[in-house]
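> Any chance you could fold what I've pasted below:
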Amino acid sequence: MTAADLQIQPIASAGKSRRGPVRRLRLVVVGAGFGGLAVVRGLKGRKIDITVVDKQNHHLFQPLLYQVATAALSPADIAAPIRTILKAHDNVHVVLDEVVAVDADGKVVRLASGRSLTYDALVLATGARHSYFGNDAWGVHAPGIKTIDDATRVRRTVLLAMEHAETFRQARSALRDDYLTFVVIGGPRGSRWPAPSPSLPGTPRPWTSITSPRAASGSS
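Numbers count the residues shown, from 1 in each chain. Sure, this is the predicted structure:
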């Protein structure tokens with residue numbers, strides 16, 4: 001989306017109509033991911049009031065989530081406050097909230113907090129979630145990695161499995177092998193999962209008896 005798509009004029013050329021001041025166009029952007037931020041940055045310096053709504057207060061660099069899940073990076077390494085990213089944009093207001101409904105006819109966005117935002121133009125850039133194709137019960141044993149919470153949950157599971165494998169290294173080898181077996185399915189982040197990281201086998205590590213995990217990977 002460009003300024004031309006929204007029929008927006010640069011601030012420098014803004015003036016007054018014969019009937020009085022021209023009301024600034026109101027744009028609501030839902031989601032501060034790559035798409036939402038690209039729209040906002042592309043409209044910097046335009047005669048427009050922009051409200052960015054996101055249920056998180058940070059922008060997340062999703063391509064590196066797998067490194068958080070494998071304990072190679074801290075969550076803070078791949079996230080930055082939305083307000084900090086957009087601090088140079090004087091025409092942007094950031095709202096921490098969640099959109100629960102959109103009234104397209106009335107041009108109103110309704111938020112979980114009970115507030116409502118009116119708009120002239122609306123951008124929905126909420127991203128996507130993984131799908132279990134109607135088998136949501138799989139999520140208990142096969143979590144996706146789309147958020148920091150997802151990544152830290154997977155990291156906790158992996159590191160605990162490594163600890164259990166270290167504990168059972170002599171007494172129960174069969175159980176130890178189960179803890180060292182990982183199945184990775186789908187996507188660029190999935191294909192990168194077996195890559196070495198400072199906290200997993202194959203690189204300098206705190207475990208003394210684990211050499212490498214058994215990993216089976218595939219894509220859907």
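> in the helix ranked longest in the chain, what's buried?
Using DSSP state H, we find that the single longest helix of the chain is helix 148-167. Neighbour-count burial for helix 148-167, with 16 or more other CB atoms under 10 Å as criterion, is recorded at Ile148, Asp150, Ala151, Thr152, Val154, Arg155, Val158, Ala161, Met162, His164, Ala165, Glu166. Heads up, the C-betas are built off the backbone N, CA and C, glycines and all.
> residues in contact with the fourth one?
This points to Thr152. Counting by CB atoms under 8 Å, 6 or more residues apart in numbering, Thr152 touches Val68, Ala69, Pro75.
> now do the third one
When the contact criterion is CB under 8 Å, 6+ apart, the partners of Ala151 are Leu65, Tyr66, Val68, Ala69, Pro75, Ile145.
> And for the first one?
Applying CB under 8 Å, 6+ apart, we find Ile148 in contact with Leu60, Leu65, Val68, Pro75, Ile78, Ala79.
> ok, of those residues, which come out buried?
Judged by 16+ other CB under 10 Å, buried ones among those: Leu60, Leu65, Val68, Pro75, Ile78, Ala79.
> re earlier: tell me which entries of the contacts of Ala151 lie within helices.
Of those, the ones assigned to helices by DSSP H are Leu65, Tyr66, Val68, Ala69.
> where are the low-confidence patches of this structure?
Applying pLDDT under 70 to the chain flags the ranges 1-21, 169-172, 186-220.
> What ranges does it have for its helices?
Counting by DSSP H, the chain has helices at residues 34-42, 65-69, 82-85, 148-167, 173-179, 187-192.
> Quick check: can you list the domain ranges of this protein?
Listed by automatic domain parsing, the domain ranges of the chain are 11-124, 138-218.
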